[in-house]
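got a predicted structure here, sequence first:
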Amino acid sequence: MSNDHAHNDEPNTMYMGGLLASGLLIGFGIVHLYFSFGWVGGPLNQDFGGVGFSGLDNLSLLPASNYSIGMIVAGVIGMVWLNANAWKRTDGY
């Protein structure tokens with residue numbers, strides 16, 4: 001093999017840090033989705049006894065949805081951008 005197309009094997013901490021941060025954003029966003037939907041009056045599982053199962057019509061987005069959905073979107077955008085530019089690190093293969 002010739003060294004004409006030797007690529008940079010030097011680790012790029014900024015690139016890896018960006019991928020890790022984007023992955024963490026997606027992970028925390030998915031975990032916080034649990035708190036993004038529910039019953040405004042209190043814990044959903046305790047209120048079913050009073051309203052019955054027809055209370056499912058009253059489900060809504062809670063304040064946690066403001067940041068959990070944003071965290072997922074920001075993480076996906078970060079990963080897509082970093083992976084779209086990853087080919088530049090290979091010097092065109």
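Perfect, thanks for sending it. Numbering: from 1, shown residues only.

what mean pLDDT does the helix or strand containing residue 80 get?
Using DSSP states H and E, residue 80 maps to helix 65-84. The pLDDT scores in helix 65-84 average 90.

so for that helix, what gets flagged as buried?
For helix 65-84, the neighbour count (16 or more other Cβ atoms under 10 Å) marks 65, 68, 71-72, 74-75, 78-79, 82 as buried. No exception for glycine: its C-beta is placed from N, CA and C like everyone else's.

by contact count, what packs against it?
helix 13-32 (3 or more Cβ pairs under 8 Å, 6 or more residues apart in numbering; DSSP states H and E).

the helix it packs on packs against which elements?
helix 65-84.

which residues are contacting the helix it packs on?
15, 18-19, 21-30, 32-33, 35-37 (Cβ atoms under 8 Å, 6 or more residues apart in numbering).

and stretch 27-34, by the same measure?
Contacts for stretch 27-34 (Cβ under 8 Å, 6+ apart): 64-65, 67-73, 75.

one more pass at 7 Å, please.
64, 68-69, 71-72, 75 (Cβ atoms under 7 Å, 6 or more residues apart in numbering).

make CSV from the buried residues of helix 65-84 and add distance to residue 90 to it.
Shown next, in CSV, are the buried residues of helix 65-84 (distance: Cβ to Cβ, whole Å):
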residue, distance to residue 90
65, 39
68, 35
71, 30
72, 29
74, 26
75, 24
78, 20
79, 18
82, 14
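
relative to residue 59, which of those is nearest.
residue 65 (11.6 Å; Cβ to Cβ).

count the neighbours of residue 26 for me.
Residues near residue 26, counting by other Cβ atoms under 10 Å, number 18.

then residue 25?
Applying other Cβ under 10 Å, we find 20 residues neighbouring residue 25.

quick one: residues contacting it.
By Cβ under 7 Å, 6+ apart, the contact set of residue 25 is 71, 74-75, 78.

that's a strand at residue 87, yeah?
No. Per DSSP: H, G, I helix; E, B strand; the rest coil, residue 87 lies outside any strand segment and is helix.
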